[in-house]
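Q: Need a 3D model of the following:
(2 chains)
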Amino acid sequence: MSRYLLKRTIMSIITLWTIVTITFFLMHSIPGDPFRKEGKMPVSVYENLLKKYGLDRPLSEQYVIYLKNLLKGDFGDSMKSKVETVNDMIRRGFPVSAYLGLEALLIALVFGPALGALAALYQNKLPDYISMIIAIIGISVPSFIMGTVLIQFVAKNVSWIPIGGWGEFRHTILPAIALSLMPLAYMARLMRSSMLEVLNQDYIKTATSKGISKSAVILKHAVRNAILPIISVLGTLISNLLVGSFVIEKIFGIPGLGKFFVQSINNRDYTLIMGTTIFYAIILIVLLLLVDVAYIFIDPRIKLTKEGR
Amino acid sequence: MNRKFLVLASLFIVAAILVTGCVPKGGDTPKNDAPAASDTPTSGTDTPAAGAAKILRTNNGSEPGSLDPALAQGTHESWVLDHTFEGLMKLDENGMVVEGMAKEYKVSDDFLTYTFTLRDDIKWSNGDPVTAHDFEFAWKRALDPDLAADYAFQLYYIKGGEAYNTEEGSLDGVAVKALDDKTLEVTLEAPTGYFLELTAFYTYYPVNKAVVESNPDWAKNAATHISNGPFTLTEWEHDASLKIRKNPNYYDAANVPLDGVDFTIIDDVNTTWQGYEGGEYDFLVDVPQAVTAKLQEEGNPELVIGGMVGTYYYNLNPAIKPLNNVKVRKGLSMTLDRKTIVEKIAQGGEIAAEGVVPFGIFDENGNEYRDGVGQLIEYNVEEGKKLFAEGLEEEGMTPEDFKKIVILYNTLESHKKIAQAAQEMWRVNLGIEVQLENVDFQVKLDREKDGDYHISRGGWIGDYMDPMTFIDLWWSDSSFNDVNYNNPKYDELVYTAKGTADQKIRFEAMRKAEKMLMEDMPVVPVYFYTQPYVQKPYVTGVYKPLVNYPKLTYADINR
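A: Take a look at the predicted model:
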């Protein structure tokens, strides 16, 4: 196990370094820069700005400086905000996005697999059809439409629920619902097909013929096996939710990390682009590792290494 | 069973955390609240119902990049700054420049030296008196090359300012000096007819010297933010909300009806509009275009078409044939139906352009500048067609050649619609078929700088109430002259107008310059901007200076 972890850690560092390098040079290769704007920008002012943020040095030198700072954990100053450093922005935005993400995850985890299992158990009957319609809607309707619909019909009519913003629990309700619908639907469908497959397996028939009660069969055997594919996607799903959905955060005006991802590119805020990309990469790498490790505990058939397969 | 229990337990813990409402905030420590409404001494103005503070609720479309006057660079900062700070002069409800922090001023005979005497009763929000030293410090600080202020160039009018900012001069060479606590003397590079107005611009706002020197991060948090205007910053949750409260130390506090303003920071205009309709906002700028059109049609009194000095236009790249030919350019301008564009497409109360300088600016006689210079843009399809054809022939080209011409605009629904309209108008009137291309805003700027475009959409909002803020966009020296307009006679006129404080000479030169510009038509003006905003019927007292966002200082709420 520890050898495996060590190997994974080394690979993660290499992956991360590759991401940093590719992003850095790619980002500098697109047209535009953080300071250009429509309007008066005399050369002197522009040059002062370049100098202040170290953009007047050769690219390779900038790269080395950036790596050095990165090793110290310093993502640098944002080129657009003169009030917060990139570390500040991530430190402030991540808990907000994570909170929203966890709330959405909870909703999706509670209702998604349950909906899917229900559909599988009552295959081709009414609960199946209803569940799957909900699932299709959840997957197909874009989140910005869902968000806007929720604002229009719920927030406007219920005074206790605000149209947007952040600060109290009531601010989180609608965005969490909007954010949860896609994962919920996805997990429902996944659970349904996986459950159907499991229910047809021999060991289910064996258990039933042994006289074990239906609910015990479902809970102890079917669900546990059916849930495996969901665990696999959970890693990516969680990391997506944790770093925020740009669209939801923009619509509801939520001060999370999500909008930094796109805004930083529009602004050509180089340090913020790098910071958010690296942060997201780290989360993804860690979560994927956790998912792989979790696998062993859930399914004894799976081994992490090649022997025994 | 163990595993299931663990999963359930962790889910439960997560749920418990979420539901107890421990919502992470991005905020800072708020300042102690300004005294409640009932404590503020009033002099004849309405006292609000006991305990009910008059807080105006609105939205600032984007997180301010900084609330330090020297580092601000856009309307999302200036709107808040204009309410928390005040400069030597300020703009009143008629758009006139009047005394602010200064109680009087004197100008030398050569128009180069201004001497301001500050009011006696002016204080910072922390009680310190506002002194001339604060102004001297602030202006020099904004010119500091190491600070790299975006708007440092706004201070280049001061003698030695540009030299210091470009590291070719010293700090001492910057000709602004506090003669004593109440007297500020500044010498300009050249006579500048609109200098008084400039002192009302945020880059010229003072900062508390002692506070800034002792704490370089003073402007990053509400707790340490000190200002001299009608309101002070009491709370700032980055990206979420911003609150300002009445500054009891402001010399005119007695005439400020509001107790404060609460800004949310939400950039989705559709969401904020829903909020306004749902009663969560009392006031809103940035109304969705479709909503503005609808409200205008209904004649809804909650909509106010705020004036603004800004011009929307198309750049024509003279390096691309046949756009180098003035007849071709004029032909394009004459066949553009601006009336239809503003009435049917932009629909925000915009005004069809009559030149490059918008309405609302006063000339040397205190009259509307545009009345003195006249309508410089003609809409005449017949004449336009003729000129266009002549021009094409001169270049040895045909309408077919226009198929390769592309109108470039930054991705935005409104720009697309206007470009489509122009495309269609030119197709019908001139028989040409131009293409459209939308790109990211930054990419557009880059391409314009590199001359890599044919026709591109541009816009400029004036910084101060003088035609020069538009006229000098196209003189050869301007860093904004993307069309490389190079007319020595035009430059001479600009130079003349910049070099004297004699308003008669200045305005004559600027009128001539604008006429010359419209004769050559290097850019095709489309319309003059407006800033529509909405306010609830119970909100009164808001006025909108043309170069600023609506002023809420003297607003009142009477439900």
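
Q: what's residue 98 sitting at in phi/psi?
A: No chain specified, so I'll use chain A. phi -60, psi -40 (degrees, to the nearest 10).

Q: sorry, should have said chain B
A: phi -130, psi 170.

Q: Assess the claim that it and residue B:89 are in contact.
A: Yes. Counting by C-beta atoms under 8 Å, residue B:98 does reach residue B:89; the two are 6.6 Å apart. In short, each C-beta sits where N, CA and C put it, glycine included.

Q: give the contact list for the closest residue to residue B:69 other than its chain neighbours.
A: In this structure, residue B:69 finds its nearest non-sequential neighbour in residue B:205, 3.9 Å apart by C-beta to C-beta, 6 or more residues apart in numbering or on different chains. Contacts here follow C-beta atoms under 8 Å, 6 or more residues apart in numbering or on different chains; on that basis residue B:205 touches B:69, B:81, B:85-87, B:138.

Q: residues from the stretch 1-150 of chain A in reach of chain B?
A: Residues of the stretch 1-150 of chain A found near chain B (C-beta under 8 Å from any C-beta of the partner chain) are A:30-33, A:35-45, A:48-49, A:51-52, A:80-84, A:89, A:92-93, A:95-96, A:98-99, A:102-103, A:106, A:109-110, A:148.

Q: Mark which of these are buried, thanks.
A: The neighbour count (16 or more other C-beta atoms under 10 Å in any protein chain shown) marks A:31-33, A:35-36, A:38-42, A:44-45, A:48-49, A:52, A:80-84, A:89, A:92-93, A:95-96, A:98-99, A:102-103, A:106, A:109, A:148 as buried among these.

Q: Identify the residues contacting residue A:33.
A: Per C-beta under 8 Å, 6+ apart, neighbours of residue A:33: A:55, A:268, B:442, B:446.

Q: In the helix or strand harbouring residue B:515, which residues are buried?
A: Assigned by DSSP states H and E, residue B:515 belongs to helix B:503-520. Going by neighbour count (16+ other C-beta under 10 Å), the buried part of helix B:503-520 is B:503, B:506-514, B:517-518, B:520.

Q: Stretch A:258-272 now?
A: In stretch A:258-272, counting by 16+ other C-beta under 10 Å, buried: A:258-261, A:263-265, A:267-272.

Q: Per-residue pLDDT of residue B:18, please?
A: If you check residue B:18, the pLDDT there is 62.

Q: and if you look at residue A:72?
A: 91.

Q: mind listing which of the buried ones among the residues of the stretch 1-150 of chain A next to chain B are in strands?
A: Using DSSP state E, no member of those sits in strands.

Q: And the next helix or strand after the helix holding residue B:515, what does it pack against?
A: As assigned by DSSP H and E, the chain's next helix or strand after helix B:503-520 is strand B:523-535. Here strand B:523-535 touches strand B:283-284, strand B:303-316, helix B:326-334, strand B:351-352, strand B:455-461, going by 3 or more C-beta pairs under 8 Å, 6 or more residues apart in numbering or on different chains; DSSP states H and E.

Q: Tell me the helices and strands packed up against the very next helix or strand once past strand B:523-535.
A: Toward the C-terminus, strand B:523-535 is succeeded by strand B:539-540 as the next helix or strand (DSSP H and E). Counting contacts by 3+ C-beta pairs under 8 Å, 6+ apart, strand B:539-540 packs against strand B:556-557.
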